[in-house]
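> Please work out how this folds:
(chains A and B)
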There are 2 protein chains.
Amino acid sequence: MVFNILLFPGFETLDVFGPVEIFGKVEGSTIRYYSETGGLIRNTDNIEIKTDPIESLTPEETDILLIPGGTGTRKEIDNPVFIEKISTLAGSSQYTLTVCTGSALLAKTGLLDGRSATSNKRAFGWVESASSKVNWIKQARWVKDGKYYTSSGVSAGMDMALGFIRDTLGTEEARKIAFRIEYNWQEDESTDNFCNQQIK
Amino acid sequence: MVFNILLFPGFETLDVFGPVEIFGKVEGSTIRYYSETGGLIRNTDNIEIKTDPIESLTPEETDILLIPGGTGTRKEIDNPVFIEKISTLAGSSQYTLTVCTGSALLAKTGLLDGRSATSNKRAFGWVESASSKVNWIKQARWVKDGKYYTSSGVSAGMDMALGFIRDTLGTEEARKIAFRIEYNWQEDESTDNFCNQQIK
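Modelled structure (predicted):
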């Protein structure tokens, strides 16, 4: 399995590295990091991570694309060059997964139109505004619709990543990875402990 | 709060970025990344992250040190220069937190002697061998002993990081951060779902 991770300034840390931790435990997997310009990409946690330019990526039809969320999505959603690249990559990848507000970027391409999707709870209204043709589901840990997986906020990306492994490699493999990284995996995608709930 | 993250080749992805996601949500926090040589540090998930050389760090007594685990610990435990640096930094920091096999590196300095600590389940025997003078506790999500926090494997680092926030900034702040990142925080450090259990 080849996982292409699409980064931009202001990506959310765990949106990326939660799923990456899981993808890296799939035997023989390859993980690659891309951004619009390539080079070091920084976020609000002071992470500077090396990326290759997106133009150097010609996705195979067996590739898996991951799009994180983060404060940077507010800027990138108005970047037509980046959205066009996402459209091309998501369209040609075997699967496309988004975490948190990453679903807004994917929705902006139109590829989610007529499909069900979710996003994080704190920015749900903003994400919905990216496309009115998406069946936005607020109460869900993650949603799978065809080749598209979208998750709720930040940590939900890990549950979705394991759900993706379950769907593609089987429940045993997903549970094995969760056990190996000592992760209390929420296996049920329809349970959402953060919807319609206030901070205690 | 200033968090100094100590990296080395072969660090475990989530050991670092799980806690970083949480530390970054503390208002006014600063997160910095160091390694023995500085420059780009790589791990098995193909992450290359920029670090400053450890010698450029003169820790304040209010600093917090995080030491992750990962396959790279097997090499670093036999690197006396690195262990000596850990000893200096951990000794002078206000708090030192380790995730997974990071506790083996800390134990090697002798600073955990006479204290209680834990580590991940898959490498527990190896970690124990780093020091026979530590009270190694196998069944624990994380252990706090004085200024030292040690966690179980990989994902346990996030629960510990929130436990650390709870101890220093209060339960409300810790729960607020968990809610914001939609994380199902396991608040009880003594419950360990991965001890004495086989993979399903």
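> What separation is there between A:K50 and chain B?
4 Å (CB to the nearest CB, to the nearest Å). To be clear about C-beta, it is placed using only N, CA and C from the backbone, and glycine gets the same treatment.
> Confirm that that residue sits in a strand.
Yes. Under DSSP: H, G, I helix; E, B strand; the rest coil, A:K50 sits within a strand.
> partners of the closest residue in space to it that isn't next to it in sequence in the sheet?
Spatial nearest neighbour of A:K50, excluding adjacent residues (CB to CB, 6 or more residues apart in numbering or on different chains): B:E48 at 3.9 Å. When bridges are taken as DSSP bridges, the partners of B:E48 come out as B:R42.
> pretty sure B:E48 contacts B:S35?
No. Using CB atoms under 8 Å, B:E48 is not in contact with B:S35; the gap is 11.5 Å.
> got the contact list for the spatially most central residue of chain A?
Relative to the mean C-alpha position of chain A, the nearest C-alpha, by CA atoms, centre = their mean, is the one of A:T98, at 2.2 Å. By CB atoms under 8 Å, 6 or more residues apart in numbering or on different chains, the residues touching A:T98 are A:66-69, A:105-106, A:117, A:148-151.
> For it, list each beta-bridge partner.
Going by DSSP bridges, A:T98 forms beta bridges with A:I67, A:T150.
> residue contacts, the residue nearest to A:K50?
Counted by CB under 8 Å, 6+ apart, B:E48 has contacts A:49-50, B:40-42.
> any common contacting residues for B:E48 and B:S35?
Going by CB under 8 Å, 6+ apart, residues that sit against B:E48 and also against B:S35 are B:I41.
> count of neighbours near A:G24?
22 (other CB atoms under 10 Å in any protein chain shown).
> right, and it touches B:I47 too?
No. Under the criterion of CB under 8 Å, A:G24 makes no contact with B:I47, lying 9.1 Å away.
> residues shared between the contacts of those two?
Joint contacts of A:G24 and B:I47 (CB under 8 Å, 6+ apart) are B:T13.
> Kindly export the helix or strand where A:T168 lies (C-alpha atoms) in CSV.
Assigned by DSSP states H and E, A:T168 belongs to helix A:156-169. This file holds the C-alpha atoms of helix A:156-169, laid out as CSV (Å, rounded to 0.1, in the frame of the first residue of the first chain):
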residue,chain,number,x,y,z
ALA,A,156,-11.2,10.5,14.9
GLY,A,157,-8.7,10.2,12.1
MET,A,158,-7.1,7.3,13.9
ASP,A,159,-10.4,5.4,14.3
MET,A,160,-11.1,6.0,10.6
ALA,A,161,-7.6,4.8,9.6
LEU,A,162,-8.2,1.6,11.5
GLY,A,163,-11.6,1.3,9.9
PHE,A,164,-10.0,1.7,6.5
ILE,A,165,-7.5,-1.1,7.4
ARG,A,166,-10.5,-3.3,8.5
ASP,A,167,-12.3,-2.7,5.3
THR,A,168,-9.3,-3.4,3.1
LEU,A,169,-7.2,-5.9,5.0
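> For that helix, buried residues please.
A:156-166 (16 or more other CB atoms under 10 Å in any protein chain shown).
> With distance to A:Q94 and pLDDT added, can I get the residues you listed in JSON lines?
Converted to JSON lines, the buried residues of helix A:156-169 look like this (distance: CB to CB, whole Å; pLDDT from 0 to 100):
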{"residue": "A:A156", "distance to A:Q94": "22", "pLDDT": "96"}
{"residue": "A:G157", "distance to A:Q94": "19", "pLDDT": "97"}
{"residue": "A:M158", "distance to A:Q94": "21", "pLDDT": "98"}
{"residue": "A:D159", "distance to A:Q94": "21", "pLDDT": "97"}
{"residue": "A:M160", "distance to A:Q94": "16", "pLDDT": "98"}
{"residue": "A:A161", "distance to A:Q94": "15", "pLDDT": "98"}
{"residue": "A:L162", "distance to A:Q94": "18", "pLDDT": "98"}
{"residue": "A:G163", "distance to A:Q94": "16", "pLDDT": "98"}
{"residue": "A:F164", "distance to A:Q94": "11", "pLDDT": "98"}
{"residue": "A:I165", "distance to A:Q94": "14", "pLDDT": "98"}
{"residue": "A:R166", "distance to A:Q94": "16", "pLDDT": "98"}
